[in-house]
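Got a predicted structure here, sequence first:
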Amino acid sequence: ERLIDLIDVTYTKADKSKGKYLCLNLADFGMGGEVVYRVNQSKLGRFIGGKAVFLFYTVVCLFSYTNKKITLTLSKFEKITNKCRLIVCANGEYAGGGMWFAPKAKLDDGKMDFLAIQDVSVFETLRKFGNLYQGKLSDDAKVISKQISELKAESDEDVFIDVDGENMGQLPAEFKVLPKVLPIKC
C-alpha cells in the first residue's frame, strides 16, 4: 500500500457559490477549461463520439480562444498577473491522451507541478505542441514552471476550470495539495 497526494480544488459555480472537488491527476484552466466547457455544452458527442468532439473543440478553441488576464498567487507569497493561454496544476505527469505536462511530477511528493503558458499566439501554441508531447514544455521561455503546494487564481474574465477531464466551474479558485491522503495498492 502506498499513500498518494490529492489536489483540493475550491472553485466558483455558475451561480457564484463555491464548490469543492478532489483532483487526482491534473487540473487546468484557460484554453483547456474552455475546451471541456464547450464539450459539456455540446450535443455533438452523441453523433461523432467523445474523442472526436474533444478534438473538434480543441481546434475551435485553438483559433477562437482569447488569452485571459489572470492573477496567480503561488504558495501564498509569489504573485503573477499576466495574460495566459493555459495554466496547469499537475499531480501526475500525463493527461489528455499522452500530453506530458509534468515530467517531474510525483504522486506522493507533497507538491503539484505548476505550468503557466503565458500570452502566446495561435502560431506559437501550435509550435509548442511537439514540446508538450516530449515533456519539454517547461523549457520554453514563455512557460513558467515551478513546484508549489498551493495556488490561488483570480480573473475579471470568465475562465473555466477542468479537473481530471471534467468541467468544474470557473475562477476564482484555489488549489491545495493534500499530502499522502489516498491509499492505493501497487
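Happy to help now that I have it.

Please identify which helix or strand holds the one residue sitting closest to the centre of the chain.
In the chain, the residue lying closest to the centroid (Cα atoms, centre = their mean) is Asp28, at 1.2 Å. Per DSSP states H and E: Asp28 is located in strand 26-30.

Counting by contacts, list what that strand packs against.
strand 68-74, strand 78-90, strand 160-163, strand 166-184 (3 or more Cβ pairs under 8 Å, 6 or more residues apart in numbering; DSSP states H and E). The way it works is simple: take the backbone N, C-alpha and C, and place the C-beta from them, glycine included.

Pull up the gap between the residue nearest to the centre of the chain and Met112, please.
As for Asp28, its distance to Met112 is 11 Å (criterion: Cβ to Cβ, to the nearest Å).

Mutual contacts of the two, please.
Shared contacts of Asp28 and Met112 (Cβ atoms under 8 Å, 6 or more residues apart in numbering): Cys89.

and the angle from the longest helix belonging to the chain to strand 78-90?
Determined from DSSP state H, the single longest helix within the chain is helix 50-64. For helix 50-64 against strand 78-90, the angle by axes from the mean of the first three to the mean of the last three Cα atoms, to 10 degrees is 150 degrees.

chain center to helix 50-64: distance?
16 Å (Cα atoms, centre = their mean, to the nearest Å).

Give me the residues contacting that helix.
31, 34-35, 38-39, 42, 44-45, 48, 97, 122, 125-126.
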